[in-house]
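> give me the fold of what follows.
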Amino acid sequence: MAGNCAYESPEMSALLGGTLRPGGFALTDRGVAGCRWSAADLLLDLGCGTGATVSYLEQKYGLTVVGLDPSQKLLATARKNNPDKEFLLGSGEAIPCPDESFQGVLSECTLSLMTDLPAALEEVYRVMKPQGMFFITDVYARNPEALEGIKTHQFTSCMRGLYDLKQLQMDLTDAGFETVLLEDHSELLRQLLVKTIFEFGSMQAFWLKTGGACAAGFQDALKMCKPGYFMMIARKVE
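Have a look, this model is predicted:
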């Protein structure tokens, strides 16, 4: 990942809490219900951060989850808070696990951080068992024609990786997945926007605080994209 990592900033943690995503665990609960995972299943949390979801899924649902993240800093916190859980250093583009290891994969506001989306989708498909479920929550552009304007900003935030949702669905199909469920939850993003402005005075001030000088002008380009938030469940076609 190029540039500064906004997710490692204390401001981001204070704003988003342990989950580091809009809505906390609200959509995670919907995903578990929709994917119908059981205690017999082994899951992968792609971009586990500080391990909040790994811990939550075990405590609430009795699910066994392996965490994967490219950040040594975030993984150190995850391992400290969850000494009995398994956390791996690695990226979605190169998952350090054998083929067909997991019944399900969660990617909650992390797929947009991948530098090579096709490679990441190929890897998720590889490590997933036949008919496995892929649970995704992430940001998308309601005005995808404006996406080129944010790609010049070199810092790591899911907002920089906004999706053209139709293109993402085509990419998933090409990778061997079929969409089972797609829901819009942009209200969670709007709630976060209000909270951020209250905390920092403006979105521009927030991005400069978390992304540094390379985030200058980012909010103006972001507004043109009209960000939204979605939840998706896809099944591995086998």
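> just for this protein, where's the confidence low?
1-20, 149-161, 197-198, 200-219 (pLDDT under 70).
> report the longest strand in it, please.
What stands out as the longest strand in the chain, according to DSSP state E, is strand 128-141.
> buried residues, that strand. List them.
For strand 128-141, the neighbour count (16 or more other Cβ atoms under 10 Å) marks 128-129, 132-141 as buried. For every residue, glycine as well, the C-beta is placed using N, CA and C.
> between those, which is closest to Ala40?
Lys129 (11.7 Å; Cβ to Cβ).
> from Glu58, how far off is the closest one?
20 Å (Cβ to Cβ, to the nearest Å).
> next one: Leu113
As judged by Cβ to Cβ, Leu113 and Glu58 stand 24 Å apart.
> compare the two (neighbour count), which wins?
Comparing Leu113 with Glu58 by other Cβ atoms under 10 Å, the one with more neighbours is Leu113, at 23 against 17.
> that one reaches Gly49, doesn't it?
No: using Cβ atoms under 8 Å as the test, Leu113 is too far from Gly49 to be in contact (10.6 Å).
> the chain: helices as residue ranges?
Using DSSP state H, the helices found in the chain span residues 10-16, 26-35, 52-61, 72-81, 117-127, 165-175, 186-200, 203-211, 218-225.
> okay, those helices in JSON lines with distance to Leu147 next?
Converted to JSON lines, the helices of the chain look like this (distance: least, Cβ to Cβ, whole Å):
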{"stretch": "helix 10-16", "distance to Leu147": "22"}
{"stretch": "helix 26-35", "distance to Leu147": "23"}
{"stretch": "helix 52-61", "distance to Leu147": "28"}
{"stretch": "helix 72-81", "distance to Leu147": "27"}
{"stretch": "helix 117-127", "distance to Leu147": "13"}
{"stretch": "helix 165-175", "distance to Leu147": "10"}
{"stretch": "helix 186-200", "distance to Leu147": "16"}
{"stretch": "helix 203-211", "distance to Leu147": "17"}
{"stretch": "helix 218-225", "distance to Leu147": "6"}
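> endpoints of stretch 89-101, how far apart?
17 Å (Cα to Cα, to the nearest Å).
> let me see the contact set for the residue nearest to Glu100 when sequence neighbours are not counted.
Nearest non-adjacent residue to Glu100, counting by Cβ to Cβ, 6 or more residues apart in numbering: Lys129, 4.8 Å away. By Cβ atoms under 8 Å, 6 or more residues apart in numbering, Lys129 lies in contact with 100-103, 236.
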